[in-house]
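Participant: Make a model of this:
(one chain, ligands or ions: 2)
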Amino acid sequence: MIETTSYYHEKLYKALSNRKHIEKPQLVSVTTKLDSVDSLGFFQAGKVYQGERVYWTSADTTFTLVGVGSAYTFEADRNRFFSTRQMWNDLLGDAVVLNPYEIPGTGPVALGGFSFDPLKEGDGTWEDFPNSKVFIPMYLLTEWGEDTYLTLNLMIHPNDNEEELYNIVTKEYQNLISGRYKEEERVEVTGQEEILPAEFKQIVSKATDHIKTDQIGKVVLAREMVVSFSDDRKAASVVRKLKEEQTQSYIFAFESGDSCFVGATPERLVKVENNELLSTCLAGTVPRGKTPSEDEALGEALLNDEKNLQEHDFVVQMIKEAVTGCCENVHVPDAPVLYPLRNLQHLYTPVSGTLKDGVSLLDVVERLHPTPALGGYPREDSLQFIREYEPFHRGWYASPVGWFDSYQNGEFAVAIRSALLKKDEAVLFSGCGVVEDSDPEEEYQETAVKFLPMIHALGGKE
Ligand SMILES: C=C(O[C@H]1C=CC=C(C(=O)O)[C@@H]1O)C(=O)O
Ligand SMILES: [Mg+2]
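Facilitator: Numbering: from 1, shown residues only. Ligands and ions are numbered 1, 2, ... in the order given. As a prediction, this is how the structure comes out:
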């Protein structure tokens, strides 16, 4: 260990005993630096906290957060982005924070997500995932480049005994940081079913009718697949597979209650670090080729395909406008480039800017969600179309998931290429952007390819 354990213990003990005299619960947060830790082992070792764990790795793999146990959970329904920020600010106002590093993603950090559309009526599938839920983990592991940090976040109540608390948490965190990833027992796939495939094509057709009569410009439509298993499917082994196979993607797993929402999404919504903002336009898709020359030809065709360029441009125009409203020095390249993944390649345009004073990451998330890569254009009309015709509840699929810290840093991705794990079943989601020239059969095929990363990670048939 880089810092001697006894020094850290002393800091922790001091933080617990030196808190202000309080009448209400108070957050105490203490960060230390460690030698490297097995991040998935840390996640697995926290199994007594199942339902309150999160795993997150950024697409460039230089940043990982693992949260275990909840010190505090924020849920909100109305005004969910604003309310979350307000609750977070209130809690931090009274907090005792000991963090000499101030590295992004250390100290008090909130992780979680938001549902796609709070106005769509629920059907029970997403009962564990409310319209907004972020939590501050009790035990937070942060991997930042080559460095590893551990933050303990504890809500202390007026009558808590610091001695007792101190003994419990020091024992627990030592258990977590010494965890080693263990391969889970084999769970077989017993069924794999596409949900309402014919209806999906009909809805795409209906959407193109609406577009041709100028009721909407673009709408993103999705469908589900259900994979069943011989036994409960654990998130850690799925995360491990995704990390191995899905490069250039954010790998995430959010547990809540008895469910876990897991995925490997290539699509950043927004990242803020030191006030610099990055957003991503990712829309327009072809498969990867079987040979290098086929692959190149497919990519070249994508870069020149009118229909895909139109799909992409709806996203660029909207994100550019939203970012211009809250940033200075906005930069948007003139033309997209290719973003290759294992099974697919997309059109990609990065957007950057410097955040204006007083704008928070959650303000930007609220402005951007949903972009026309997930919802459509115009926003309200396309959402209304999805609400009315899509025959299932998206829950957190295609929604912002991510984290933010107390230094105004954070990142949200949109949760596509994802699945909701529920004991011995997984519900997978896949969608595609529908524009005037969309063909129902081709869009159906595109969603079939977008299922592949999750099917493969779950051990299903491709
Ligand atoms: C909605 C999804 O993908 C979006 C992101 C990239 C490309 C897309 C497309 O080409 O249709 C979609 O807009 C999904 O994978 O479920
Ligand atoms: Mg598409």
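
Participant: Centre-most residue in this protein?
Facilitator: For the chain, the residue nearest the mean C-alpha position is V401 (3.1 Å; C-alpha atoms, centre = their mean).

Participant: neighbours around D77, how many?
Facilitator: Using other C-beta atoms under 10 Å, D77 is surrounded by 11 other residues. No exception for glycine: its C-beta is placed from N, CA and C like everyone else's.

Participant: wait, E306
Facilitator: The local packing of E306 (other C-beta under 10 Å) involves 10 other residues.

Participant: That one contacts V435, correct?
Facilitator: No: using C-beta atoms under 8 Å as the test, E306 is too far from V435 to be in contact (9.4 Å).

Participant: Next to ligand 2, which bits of the chain? Give me the list.
Facilitator: T285, C432, G433 (C-beta under 5 Å from the ion).

Participant: Next, the buried residues of whatever helix or strand L269 lives in.
Facilitator: Following DSSP states H and E, one finds L269 within strand 268-273. Buried residues in strand 268-273, counted by 16 or more other C-beta atoms under 10 Å: R268, L269, V270, K271, V272.

Participant: in the stretch 201-350 of the chain, what residue is nearest ligand 1?
Facilitator: T285 (3.5 Å; C-beta to the nearest ligand atom).

Participant: Three-state assignment for that residue, please.
Facilitator: strand (DSSP: H, G, I helix; E, B strand; the rest coil).

Participant: any idea how far ligand 2 is from the nearest residue to T170 once chain neighbours are set aside?
Facilitator: Nearest non-adjacent residue to T170, counting by C-beta to C-beta, 6 or more residues apart in numbering: H9, 6.2 Å away. Distance, H9 to ligand 2, using C-beta to the ion, to the nearest Å: 54 Å.

Participant: would you say H9 is within a strand?
Facilitator: No: going by three-state DSSP, the assignment for H9 is helix, not a strand.

Participant: Near L368, how many other residues are there?
Facilitator: Using other C-beta under 10 Å, L368 has 20 neighbouring residues.

Participant: what's the answer for the one 5 residues further on, then?
Facilitator: By the measure other C-beta under 10 Å, the count of residues near A373 is 28.

Participant: Go ahead and name everything in contact with stretch 168-177.
Facilitator: Residues from elsewhere that reach stretch 168-177, judged by C-beta atoms under 8 Å, 6 or more residues apart in numbering: 9, 12, 34, 37, 42, 45-46, 68, 138-139, 141, 150, 152, 154.

Participant: Just the buried ones from those residues, in ChimeraX syntax?
Facilitator: Here is the ChimeraX command that picks out the buried ones among the contacts of stretch 168-177, judged by 16+ other C-beta under 10 Å:
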select :12,34,37,42,45,46,68,138,139,141,150,152,154
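
Participant: Narrow the contacts of stretch 168-177 to those in helices?
Facilitator: When those are checked against helices (DSSP state H), the matches are H9, L12, F42, A45.

Participant: For R223, state which of those is nearest.
Facilitator: Of all the ones in helices among the contacts of stretch 168-177, R223 sits closest to F42, with 35.1 Å by C-beta to C-beta.

Participant: who's in contact with the closest one?
Facilitator: F42 sits next to V66, V68, Y139, L141, L176, I177, G179 when contact means C-beta under 8 Å, 6+ apart.

Participant: if we go to 7 Å?
Facilitator: Contacts of F42 were listed using C-beta atoms under 7 Å, 6 or more residues apart in numbering, and they are V66, L141, L176, I177, G179.

Participant: Check the first one and give its pLDDT.
Facilitator: Spelled out, that is V66. If you check V66, the pLDDT there is 98.

Participant: On the three-state scheme, it is what?
Facilitator: Of the three states, V66 takes strand under three-state DSSP.

Participant: what are the bridge partners for it, then?
Facilitator: Y55, L141 (DSSP bridges).

Participant: What's the separation between it and T57?
Facilitator: 9 Å (C-beta to C-beta, to the nearest Å).

Participant: and these two? which has more neighbours close in?
Facilitator: Between V66 and T57, counted using other C-beta under 10 Å, the more crowded position is V66 (28 against 22).

Participant: Pretty sure that one sits against F43.
Facilitator: Yes: taking C-beta atoms under 7 Å as the definition, V66 is a contact partner of F43 at 5.2 Å.

Participant: quick one: common contacting residues for those two?
Facilitator: Once C-beta under 7 Å, 6+ apart is applied, the residues that V66 and F43 both contact turn out to be Y55.

Participant: Next, give phi and psi for V226.
Facilitator: Torsion angles at V226 (phi, psi; degrees, to the nearest 10) stand at phi -110, psi 130.

Participant: And for E294, the neighbour number?
Facilitator: E294: 12 neighbours (other C-beta under 10 Å).

Participant: so it sits in a helix?
Facilitator: Yes: with three-state DSSP as the criterion, E294 is part of a helix.

Participant: begin at 396 from here
Facilitator: Will do, 396 is the new start, and the previous item becomes E689.

Participant: For it, give me the pLDDT.
Facilitator: E689 carries a pLDDT value of 98.

Participant: ok, now which ones touch it?
Facilitator: Counted by C-beta under 7 Å, 6+ apart, E689 has zero contacts.

Participant: redo that, cut-off 10 Å
Facilitator: Contacts here follow C-beta atoms under 10 Å, 6 or more residues apart in numbering; on that basis E689 touches P682, R683.

Participant: now do L560
Facilitator: Taking C-beta under 10 Å, 6+ apart, we find L560 in contact with L407, Y408, L411, V423, L549, I551, H552.

Participant: Quick check: which element contains the closest residue to E706 other than its chain neighbours?
Facilitator: Spatial nearest neighbour of E706, excluding adjacent residues (C-beta to C-beta, 6+ apart): G828 at 4.2 Å. For G828, the host element (DSSP H and E) is strand 820-829.

Participant: One more: N570?
Facilitator: Here N570 sits within helix 557-572, counting by DSSP H and E.

Participant: Then Q840?
Facilitator: Using DSSP H and E, the element containing Q840 is helix 835-853.

Participant: Over to F595?
Facilitator: Applying DSSP H and E as the criterion places F595 in helix 592-607.

Participant: Give me the angle between that helix and strand 820-829.
Facilitator: Here helix 592-607 points in a direction 30 degrees away from that of strand 820-829 (axes from the mean of the first three to the mean of the last three C-alpha atoms, to 10 degrees).

Participant: Just the mean pLDDT for helix 592-607, thanks.
Facilitator: On average, helix 592-607 scores 98.

Participant: what's next to that helix, contact-wise?
Facilitator: Residues outside helix 592-607 that contact it (C-beta under 10 Å, 6+ apart) are 589, 591, 610-620, 771, 776-777, 780-781, 783-786, 825-827, 829-839, 842-843.
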